[in-house]
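*Asks:* No letters, just coordinates:
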């Protein structure tokens, strides 16, 4: 079972490389039972959206 | 109606300079990148109807200038200088981890991420972007550079490895560190106050 710390590492890496099947399964299970990490994952998506906007000069 | 380019350029110049400075962390290099961008902009033949479309166009030129400068710099800098720990980012990483996770690697009660209320609404606020910029500026220099290469300049990790001489796994660690730091800064400086 992944720790939250490990889960946050994978949630970062999934933005940079395709995760393996085992990693994806482990992460899915973890996020399903851990609301903190579920929220963290949504925050990662917000961060990326913010960077998109900032990087294109729209804000 | 065609924009008055000269006055638009003057108005947008501070924004461009801030954008370049954030990424290059070098006032001289940022100044060069903006100068070259303005030069290219004045000789370019496009027509623009609004300031925002003009700004988007300028930023895209500036982005390419920044990429050129980073490429040129990376040929000068030895591989180890980016891989090293001289900006203290690894020590800072440990400290942040300890404040967020317990010994078993689970969120501490006080640190567990909550929901960020309506991020889209935040994006519409000038103040949010000031906080965002301050948080980026707060990241250790090399961490910030790798992060911005990835997120603003659109480099794939493979290209970042090539340009900076760090390994792919080191790159992932640095990007993770950057996201964790940025997210924690935004949480503390913005979303914690905006929570409903």
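*Replies:* Alright, I've got the coordinates. Note that the structure is a prediction, hence the values are computed from the model and not measured. Numbering: from 1, shown residues only, chains lettered A, B, ... in the order given.

*Asks:* State which helix of chain A is the longest.
*Replies:* Using DSSP state H to define each element, chain A has its longest helix at helix A:35-55.

*Asks:* So is that helix next to chain B?
*Replies:* Yes - using C-beta under 8 Å from any C-beta of the partner chain, helix A:35-55 reaches chain B at A:35-37, A:39-40, A:42-44, A:46-55. C-betas here are computed from N, CA, C, even on glycine.

*Asks:* just the buried members of those residues?
*Replies:* Among these, those scoring as buried are A:36, A:37, A:39, A:40, A:43, A:44, A:46, A:47, A:50, A:51, A:54, A:55 (criterion: 16 or more other C-beta atoms under 10 Å in any protein chain shown).

*Asks:* In TSV, list those along with pLDDT.
*Replies:* As requested, these are exported to TSV (pLDDT from 0 to 100):
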residue	pLDDT
A:36	96
A:37	97
A:39	97
A:40	97
A:43	97
A:44	97
A:46	96
A:47	97
A:50	95
A:51	94
A:54	88
A:55	83
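
*Asks:* Low-confidence regions, chain B specifically.
*Replies:* For chain B, the stretches flagged by pLDDT under 70 are B:1-3, B:44-46, B:75-90, B:194-196.

*Asks:* which SS state does the residue nearest the centre of it fall under?
*Replies:* Centroid-nearest residue in chain B: residue B:148, 4.0 Å away (criterion: C-alpha atoms, centre = their mean). With DSSP: H, G, I helix; E, B strand; the rest coil as the basis, residue B:148 sits in helix.

*Asks:* Look at residue B:105 and say how many residues are nearby.
*Replies:* 15 (other C-beta atoms under 10 Å in any protein chain shown).

*Asks:* Residue B:96 contacts residue B:184, correct?
*Replies:* Yes - counting by C-beta atoms under 8 Å, residue B:184 is a contact partner of residue B:96 at 6.6 Å.
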